[in-house]
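Engineer: this one's structure only:
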């Protein structure tokens, strides 16, 4: 009995391993044809990136995770509408951005009635982190998203390029400009040593 | 050197601020949270192939190379049709276009032309057509003439 269950388990692990090794386009094609394993593998692959994108908009980790999961749910329904399999990551990023923006709008409406003391408490936690957070919030939405993608999970330029649909050179340039802006802001706010 | 150090310091500051624990996707939780969406995904399995099929043509026609190939195939097909069209049909069309009367259709020149186009079969066809054109049309036949013909026939049978 134990040997049988071990065999089933090893079989499932083998399948998972083989799915994990497949390229995106193969997984997307299979997912379009209703293969749940392929779709969940895609979710696993892009979850950190989607959370990073949502976090850059919402400014909250838990909400960002909710938004990413909701984006996957929407993607599962709309998958048949995807025209180019090799653009899956970019397509998913667009869905995630829209979900996060919707969520942010709803939260914004709620925030007017929320107890402002919780926000004040958040800002008192750590001076350095707060200033850096402010520096990030001063960036444009696209630059902020790029910073989150790069530093959230140490994503490579190649991975970011797949999600944003821009070249690695463009990513490098945008990242440099964003960091320069942040450095300027930090310098003006007491971080004298930060210069780029 | 200092610049490099500063960049490293900024990287550290950003990482400390936003870099938290790596988010991990929990498949089972997601399935429980979005059961309808998951079922929709699974439902694509049955109709998946039939939905994607019409797009194959779209993909083929998008590439300029395949467009050229498709055009070439169409041209070859038309050429093949013209070359291998039955000779008798060719003779028929050409002769009927050129000739006007049955007499003209049966001249040596037009018969030679027909023979060149479709051999003996074409000549036979042309002759048949000329004879058909010679016959009086039925709708122009007079009733009186018809009755006299019938009477003659009856008299012959009585004799």
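Structural biologist: Now that the structure is in, tell me what you want to look at. Just so you know, these numbers come straight off a predicted model, no measurement behind them.
Engineer: Enumerate every residue touching residue B:23.
Structural biologist: Residues in contact with residue B:23 (C-beta atoms under 8 Å, 6 or more residues apart in numbering or on different chains) are A:47-48, A:51, A:61, A:65, A:68, A:153. For every residue, glycine as well, the C-beta is placed using N, CA and C.
Engineer: Tell me the buried residues within those.
Structural biologist: A:47-48, A:51, A:61, A:65, A:68, A:153 (16 or more other C-beta atoms under 10 Å in any protein chain shown).
Engineer: Name the residue of chain B that lies nearest to chain A.
Structural biologist: residue B:45 (2.8 Å; C-beta to the nearest C-beta).
Engineer: and that residue, what is it in contact with?
Structural biologist: By C-beta under 8 Å, 6+ apart, the contact list for residue B:45 reads A:33-35.
Engineer: how about residue A:74, what does it touch?
Structural biologist: A:95, A:99, B:37.
Engineer: Now that residue A:63 has come up, it's in contact with residue A:102, right?
Structural biologist: No. Counting by C-beta atoms under 8 Å, residue A:63 does not reach residue A:102; the two are 11.5 Å apart.
Engineer: which of those two has more neighbours?
Structural biologist: Neighbour totals were compared for residue A:63 and residue A:102, and residue A:63 leads with 18 against 13 (other C-beta atoms under 10 Å in any protein chain shown).
Engineer: And for residue B:30, the neighbour number?
Structural biologist: 21.
Engineer: mind listing what's buried in the host helix or strand of it?
Structural biologist: Element membership for residue B:30 (DSSP states H and E) is helix B:27-33. Within helix B:27-33, the residues that count as buried by 16+ other C-beta under 10 Å are residue B:30.
Engineer: And for stretch B:107-124?
Structural biologist: So for stretch B:107-124, counting by 16+ other C-beta under 10 Å, buried means B:110-111, B:113-114, B:117-118, B:121-123.
Engineer: Quick check: mean pLDDT of it?
Structural biologist: On average, the pLDDT along stretch B:107-124 is 84.
Engineer: From the contacts of residue B:23, which shows the smallest pLDDT?
Structural biologist: residue A:153 (75).
Engineer: thought that one was touching residue A:52?
Structural biologist: Yes. Between residue A:153 and residue A:52 there is a contact at 6.7 Å, judged by C-beta under 8 Å.
Engineer: before we move on, back to that, of the buried residues of stretch B:107-124, which belong to helices?
Structural biologist: B:110-111, B:113-114, B:117-118, B:121-123 (DSSP state H).
Engineer: Mind putting those into JSON lines with distance to residue A:82?
Structural biologist: Formatted as JSON lines, these follow (distance: C-beta to C-beta, whole Å):
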{"residue": "B:110", "distance to residue A:82": "66"}
{"residue": "B:111", "distance to residue A:82": "68"}
{"residue": "B:113", "distance to residue A:82": "63"}
{"residue": "B:114", "distance to residue A:82": "63"}
{"residue": "B:117", "distance to residue A:82": "58"}
{"residue": "B:118", "distance to residue A:82": "58"}
{"residue": "B:121", "distance to residue A:82": "60"}
{"residue": "B:122", "distance to residue A:82": "60"}
{"residue": "B:123", "distance to residue A:82": "65"}
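Engineer: State the pair within these that is farthest apart.
Structural biologist: Farthest-apart pair in those is B:110 and B:121; separation 15.3 Å (C-beta to C-beta).
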